[in-house]
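> turn this into a model:
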Amino acid sequence: MSTEPRRLLPLLSSHRPGRSAVTCEYRCGNACAHPAPNTSDNTYFGDVAKSVVSRRGALKATAVMSATAAGFAALSGTAAAEGTVPPALAGRGRGGRPSWPVPGTDFEPVEPNTADAVVVPSGYDQEVVIRWGDPVLPGAPKFDFHNQTAEAQAKQFGYNNDFVGLIPQDPFGRRNLMVVNHEYTTESHMFPAGTYDAENPTEEQVRIGWAAHGLSVVQTVRDRREGLRVVPSRYSRRITTDTEFELRGPVAGSDHLKTSEDPEGRTVRGTLNNCAGSVTPWGTVLSGEENFNQYFANAETVTDPVRSERLQRYGISGGATTRKWERFDKRWDIAQEPNESNRFGWIVEIDPNDPHSTPVKHTALGRFKHEAGSVKITKDRRVAVYSGDDERFEYIYKFVSKGKYKPGRSAHARKHNSRLLDDGTLYVARFTGNSPEEEIDGSGELPSDGQFDGRGEWIPLASGNTSHVPGMTAEEVYVFTRLAADKVGATKMDRPEDIEPNPRNGRVYAALTNNSDRGAAGKGAADEANPRNGNRNGHVLEWEEDHGDAASTTFSWRLLLVCGDPAEADTYFGGFDKSQVSPISCPDNVAFDSYGNLWISTDGNALGSNDGLFSVPVEGRERGKVKQFLTVPIGAEACGPVVTDDVVLVAVQHPGEGGTPENPQSHWPDGGDSPARPAIVAVWKKGGGRIGR
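Predicted coordinates for the structure are as follows:
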């Protein structure tokens with residue numbers, strides 16, 4: 001194998017990868033074009049976290065404080081500790097002999113590219129499982145791009161699929177319920193050229209947008225030789241902006257949640273901007289409501305300073321919205337329904353096993369721009385839920401239930417465990433580190449002790465009806481969680497997105513996508529945990545709760561990856577030889593295979609290639625060896641993903657969104673002159689067999 005660092009391939013088209021202006025407008029309301037809503041004077045993660053990236057990838061307990069050594073003691077003498085090898089031998093066995101690839105990662109990596117296709121490794125097949133407009137409910141008509149209706153869309157697969165979850169329905173996992181989030185709509189691309197006026201949408205077009213949001217539930221059958229296919233099922237379901245949700249937890253019925261439509265403050269119509277999610281141990285799905293702020297108009301009419309501060313802290317500002325929904329339903333108008341926006345920004349729970357169940361919004365988990373919510377069971381059988389607030393300089397949170405988990409996926413267990421999320425303690429994270437601040441100059445140069453690592457603590461915000469934040473009631477903490485976290489001095493992060501516990505090693509992994517404001521005038525300076533000014537490529541954080549217990553209020557942390565072009569000095573790949581890794585930029589969603597390898601999908605690749613899906617071992621001699629498994633089409637983001645022993649699922653979101661209806665950038669997946677359609681893709685080994693073996 002060549003020892004020369006891999007370089008990106010030349011661009012194959014005039015397409016410039018990275019997020020398009022259209023994506024920024026419709027997905028998050030141009031969040032990065034506006035000042036970050038967090039104007040508190042909390043110390044930034046980099047200002048507090050005095051940590052370092054390892055030159056060799058191993059945690060050296062003797063080089064850090066004793067508390068950190070205790071937190072990562074489980075690594076001492078394990079395969080991960082053996083990962084400390086000279087760079088020249090990285091990827092080789094003892095004595096310099098080649099080692100067998102880590103199970104689950106034995107495939108030829110896909111090279112960076114700008115093809116208008118899903119590109120997979122040699123020896124693998126792929127197929128579209130379901131795409132925007134495909135039937136979900138009985139009676140759904142065939143998709144007709146030129147003759148869409150809201151009635152049809154409410155029965156069809158929604159737009160811009162993000163999270164994908166599989167809930168097994170047999171002991172072998174061959175039959176599953178597949179749950180998919182539909183994060184947002186891009187109305188400028190959803191209708192034929194010349195038929196959509198962004199300043200004056202028709203009511204039918206708006207209603208189509210309402211119906212294209214939410215979630216879809218379908219039944220799938222998996223075959224080792226034929227991937228995955230959707231079959232008719234009594235479980236099939238569409239959840240949209242009109243579906244009734246139950247508000248539960250400590251602020252159900254609060255005055256902050258009451259509206260003219262719901263004077264009791266206990267029932268919400270719909271869910272918005274559902275980003276990532278997770279399948280719970282009891283067989284339900286948690287889904288995060290993220291960039292909900294962009295849907296609410298006329299915040300500029302608010303004159304009360306307290307209300308205005310609360311709206312601005314969540315990025316709710318200005319007059320008319322991009323989609324103009326407020327013209328057809330007053331609940332999207334802050335001037336007419338001042339509390340409606342408080343009813344979004346929660347973790348929602350769906351029970352796919354009961355198509356007649358009412359979905360829930362869990363207020364005990366706090367209100368912010370949830371990327372997702374992921375569960376880990378504590379040592380005393382309580383439920384911990386991790387969640388990131390996806391915006392520049394926002395925070396990482398954890399909820400720990402008061403009651404105890406009941407194993408199983410029966411209707412009784414699902415009901416019991418869902419109720420656990422209504423009562424417990426909500427925490428926010430504060431990080432500290434180990435290295436002298438003067439060693440961090442924004443260039444990404446490694447500090448003298450060779451590691452990014454340190455300690456952290458979980459600061460309590462509220463427990464049940466008790467607030468731990470001076471000057472705020474418990475209701476205010478849950479509804480205005482960002483303000484509560486500001487007050488207690490939480491650590492500002494670089495867009496914390498998906499957070500997932502690793503079922504094999506017990507550690508927790510978070511994707512921090514990027515932060516171009518790092519080091520800018522008046523913003524947080526570079527530091528050991530965020531070592532580069534103008535952080536365009538992001539990083540991956542790994543931590544271990546003390547005593548291996550998700551209920552602990554202290555933890556040890558380190559960086560697994562500092563993403564970017566491996567040929568550049570300011571990148572780090574778990575200590576692995578950088579000449580043997582794939583370039584990776586803007587980590588977003590994370591998942592694990594059955595071997596405990598981390599899989600990362602990306603959003604907004606800043607390196608001149610399409611986004612994609614990557615595998616990386618987190619233990620042993622190949623810890624940090626990033627390999628690209630697939631790339632998605634032009635203009636698309638790789639979402640999901642799901643990685644089983646015999647199939648990989650990825651959600652291809654917003655393909656071709658950098659173009660226009662008049663000048664399309666992509667015709668994926670149908671080809672010809674068809675419109676680009678977001679879709680779920682299955683990838684499997686030709687002839688059957690285990691992924692990556």
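> where do the helices of the chain begin and end?
21-28, 45-48, 66-71, 150-153, 187-190, 203-212, 305-313, 411-420, 474-479, 481-487 (DSSP state H).
> deepest-packed of those helices, please.
helix 45-48 (a mean of 26; mean count of other CB atoms under 10 Å). Where C-beta positions appear, they are placed from N, C-alpha and C, glycine not excepted.
> hang on, the earlier thing: worst mean pLDDT among the helices of the chain?
Per-stretch mean pLDDT for those is lowest at helix 66-71 (a mean of 39).
> for Asp645, give me phi and psi.
Backbone torsions for Asp645, taken as degrees, to the nearest 10, come to phi -70, psi -30.
> for the stretch 401-550 of the chain, give me the ranges with low pLDDT.
440, 444, 446-447 (pLDDT under 70).
> ok, which stretches of it are strands?
424-433, 453-463, 466-467, 493-494, 496-501, 508-512, 539-545 (DSSP state E, counting those that start in this stretch).
> deepest-packed of these, please.
strand 493-494 (a mean of 28).
> from what I see, Ser228 and Val221 are in contact.
For residue 228 the amino acid is Leu, not Ser. Yes. Look at Leu228 against Val221 with CB atoms under 8 Å: they come within range, at 7.3 Å.
> who has more neighbours out of the two?
Applying other CB atoms under 10 Å to Leu228 and Val221 shows that Leu228 carries more neighbours, namely 26 against 16.
> who touches the closest residue to the more buried one other than its chain neighbours in this structure?
Of all residues not flanking Leu228 in the chain, Ala682 sits nearest, at 4.1 Å (CB to CB, 6 or more residues apart in numbering). Contacts for Ala682 (CB atoms under 8 Å, 6 or more residues apart in numbering) come out as Gln126, Glu127, Val128, Val129, Gly227, Leu228, Val647, Val648, Leu649.
> ChimeraX command to pick out the buried ones of those residues?
Entered in ChimeraX, the line below selects the buried ones among the contacts of Ala682, by 16 or more other CB atoms under 10 Å:
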select :126,128,129,227,228,647,648,649
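> now the contacts of Ala682 in JSON lines, with pLDDT and distance to Ala364?
Shown next, in JSON lines, are the contacts of Ala682 (pLDDT from 0 to 100; distance: CB to CB, whole Å):
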{"residue": "Gln126", "pLDDT": "97", "distance to Ala364": "41"}
{"residue": "Glu127", "pLDDT": "97", "distance to Ala364": "41"}
{"residue": "Val128", "pLDDT": "98", "distance to Ala364": "38"}
{"residue": "Val129", "pLDDT": "98", "distance to Ala364": "34"}
{"residue": "Gly227", "pLDDT": "83", "distance to Ala364": "39"}
{"residue": "Leu228", "pLDDT": "92", "distance to Ala364": "35"}
{"residue": "Val647", "pLDDT": "95", "distance to Ala364": "35"}
{"residue": "Val648", "pLDDT": "97", "distance to Ala364": "34"}
{"residue": "Leu649", "pLDDT": "98", "distance to Ala364": "31"}
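> still on that earlier bit, who is the residue nearest to Leu228 paired with across the strands?
Beta-bridge partners recorded for Ala682 (DSSP bridges): Glu127, Leu649.
> and it, how far from Asp646?
Ala682 is 10 Å from Asp646, where distance means CB to CB, to the nearest Å.
> next: Gly194.
45 Å.
> show me which of those two is the more surrounded one.
Asp646 (19 against 8).
> if I look at the closest residue to the more buried one other than its chain neighbours, what pLDDT would I see?
Spatial nearest neighbour of Asp646, chain neighbours left out: Arg224 (5.1 Å); criterion: CB to CB, 6+ apart. Looking at Arg224, its pLDDT stands at 72.
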